[in-house]
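[1] dropping the sequence and predicted coords here.
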Amino acid sequence: MSPGAADRDRNDDADDVDARFAELVASLDDVEGLPPGDEPEPSRADDDEPGATHGPGLTYPVAPWVAVGPRDWDATAQMDDAEGEVDELDAFVPPDPGPVMGNDPLVTMAWLAAAGIPALCFVLFLVWRTAPTVIFQAGGIVCLAGIAVLLWRMPARRDPDDHDSGAVV
């Protein structure tokens, strides 16, 4: 094939493409043949130009030949209702927590002695550097007594009525 014949074939193909494109553009101007129900609804927003149509819930103009689809409507309220129904079905109600301080006053006092006395001694040391050493020694003894009570009250074996195998996710 000669180089000139290839150029002519390309020009013929380009002319065919241009003609087909012009035909498609001309078919877009014909909106009279649309079936009923494919026309966009007028917008609820204020129109800048009279006779302009907007998609439902949209603020930009929509071409008259564009069909309104399921993604063009505002479904926020319907989605919220559906999510609410699912949440009602899958609602998790956590069990009531036990008492914060526990029901054994000895263990509560032991925790206060084991954790509170060292903190109190530290603050006392920062504020009153010339405090008598007897205060710090008594604090140390009370802290050790609290730790001893906590170790003494710690369960030695598992409760036979407890059939829980551990953490539940």
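    Arrived safely, thanks for sending.
[2] okay, now the unreliable bits of this structure?
    Scanning the chain with the threshold set as pLDDT under 70 gives 1-11, 29-62, 64, 67-75, 101-102, 168-169.
[3] how is this protein divided into domains?
    36-69, 105-153 (automatic domain parsing).
[4] which residues in the chain form strands?
    Counting by DSSP state E, no segments of the chain form strands.
[5] number of nearby residues for Val107?
    Applying other CB atoms under 10 Å, we find 17 residues neighbouring Val107. (Glycine included, C-beta is placed from N, CA and C.)
[6] meant to ask about Ala110
    Ala110 has 20 nearby residues by other CB under 10 Å.
[7] again, but for Gly84
    Residues near Gly84, counting by other CB under 10 Å, number 10.
[8] and the gap between it and Ala77?
    Going from Gly84 to Ala77 by CB to CB, to the nearest Å gives 11 Å.
[9] same question, Leu151
    60 Å.
[10] same check on Asp161?
    Computed as CB to CB, the Asp161 to Ala77 distance reads 50 Å.
[11] neighbours around the residue lying closest to Pro118 once chain neighbours are set aside, how many?
    When the adjacent residues along the chain are set aside, Pro118 lies closest to Cys143, with 5.6 Å between them (CB to CB, 6 or more residues apart in numbering). The number of residues packed near Cys143 is 19, by other CB under 10 Å.
[12] now the one 10 residues further on
    Using other CB under 10 Å, Arg153 is surrounded by 11 other residues.
[13] for it, give me its contacts.
    Residues in contact with Arg153, defined by CB atoms under 8 Å, 6 or more residues apart in numbering, are Asp104, Leu106, Val107, Ala110.
[14] residue boundaries of the helices in this structure?
    3-29, 76-89, 105-111, 117-127, 133-153 (DSSP state H).
[15] buried ones in the second one?
    What it means is helix 76-89. Within helix 76-89, no residue is scored as buried using 16 or more other CB atoms under 10 Å.
[16] stretch 149-159 now?
    Buried residues in stretch 149-159, defined by neighbour count with 16+ other CB under 10 Å: Val149, Leu150.
[17] right, I'll leave it there.
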